[in-house]
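In: just a sequence and a predicted model for now, questions to come.
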Amino acid sequence: MIEPLVFLPGMMCDTRLFAPQLRDLGVDMGVMVAPITQGERIEEIASNVLMVAPNRFALAGLSMGGIVAMEILRRAPERVTRVALMDTNPLAETPKSAASYEPLIVGARAGRLNEVMRMMMQPDFLAPGPGRAEVLALVALMGENLGADVFVRQVRALQRRRDYQATLRKCKVPALILCGEHDGLTPVKRHKFMAELLAYAHLEIISDAGHLPTLEQPEAVTRVLRDWMTQPFVLR
């Protein structure tokens, strides 16, 4: 029997980020989306996920959700049967990049969350084409629904995150590294680097997709995830 699959959404996103995958994969396996909205540290967010997750589970995180997934791998590797890291980044923030978030926090607290969200998710982070506007509109709606307080907590967590290269080197379960070919935020070369750190990794580049391939090319992503879920376990 296929183990349950836990999805972790990206920053200021919710269940809707994985709606196409939930509809398809949920037909023959247990799937859930765990929120990453509580806590001002990645470690705290990971602890909250582990409290609601099954005892053993497959784990798939996108963007910030991928960072939380790596923290779960670090602290509870015995509970993760396989991992998918999508459009994410294993590196810590530099002092300069961490400081660059501060004006965004000020803007969110001043009631300009919609403006801040447009700065965080720029059009060229996604693949060009007629579907880009629809995806951006959904991102804006998810951000509006979550609100400024969640934005500030998530930014603080990102600012303080650790480097996960050592965690990836220790991973001994089937790993999927997935990225949209047009991802302008966490580019393909970063995912090639991640795949080289993992002993049992498969790298998948999704054509005609950018930073949010689950929405931009949902059928292709679902097909890749289903193949990954049926890979045999790796003996440790």
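Out: Noted; the coordinates are in hand.
In: show me where pLDDT drops low in this protein?
Out: 1, 234-236 (pLDDT under 70).
In: so which residues of it form helices?
Out: 19-25, 42-52, 64-75, 95-99, 102-109, 113-120, 132-146, 148-159, 165-170, 188-197, 213-216, 218-229 (DSSP state H).
In: in this structure, what residue sits furthest out from the centroid?
Out: What lies farthest from the middle of the chain is Ala110; by C-alpha atoms, centre = their mean that is 27.3 Å.
In: separation between it and Leu146?
Out: 17 Å (C-beta to C-beta, to the nearest Å). Just so you know, the C-beta spots here come from the backbone N, C-alpha and C atoms, and that holds for glycine as well.
In: next one: Leu197
Out: Look at Leu197 and Leu146: by C-beta to C-beta, they are 31 Å apart.
In: more neighbours, those two?
Out: Leu146 (21 against 18; other C-beta atoms under 10 Å).
In: which residue, other than its chain neighbours, is closest to the more buried one?
Out: Met12 (5.5 Å; C-beta to C-beta, 6 or more residues apart in numbering).
In: ok, now which ones touch the one you found?
Out: By C-beta atoms under 8 Å, 6 or more residues apart in numbering, the contact list for Met12 reads Met117, Met120, Val139, Met142, Gly143, Leu146, Val150, Phe151, Gln154.
In: could you redo the last one with a cut-off of 10 Å?
Out: Contact analysis of Met12 by C-beta atoms under 10 Å, 6 or more residues apart in numbering lists 36-37, 63-64, 108, 113, 116-117, 120-121, 139-140, 142-147, 150-151, 154-155.
In: got a PyMOL select line for the buried ones in the residues you listed?
Out: Selection of buried members from the contacts of Met12 for PyMOL, criterion 16 or more other C-beta atoms under 10 Å:
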select buried, resi 36+37+63+64+108+113+116+117+120+121+139+140+142+143+146+150+151+154+155
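In: please tell me I have it right and Glu219 contacts Asp24.
Out: Yes: contact criterion C-beta atoms under 10 Å: Glu219 and Asp24 qualify, at 8.3 Å.
In: now the spatially most central residue of the chain: how far from Met11?
Out: Nearest to the mean C-alpha position of the chain, by C-alpha atoms, centre = their mean, lies Leu62 at 1.6 Å. In this structure, Leu62 and Met11 are 10 Å apart, going by C-beta to C-beta.
In: for Glu219, grab the count of nearby residues.
Out: Neighbour tally, Glu219, other C-beta under 10 Å: 10.
In: phi and psi next, for the closest residue to Val49 other than its chain neighbours.
Out: Take Val49 and drop its neighbours on the chain: the residue closest to it by C-beta to C-beta, 6+ apart is Ala34, 4.6 Å away. Torsion angles at Ala34 (phi, psi; degrees, to the nearest 10) stand at phi -100, psi 130.
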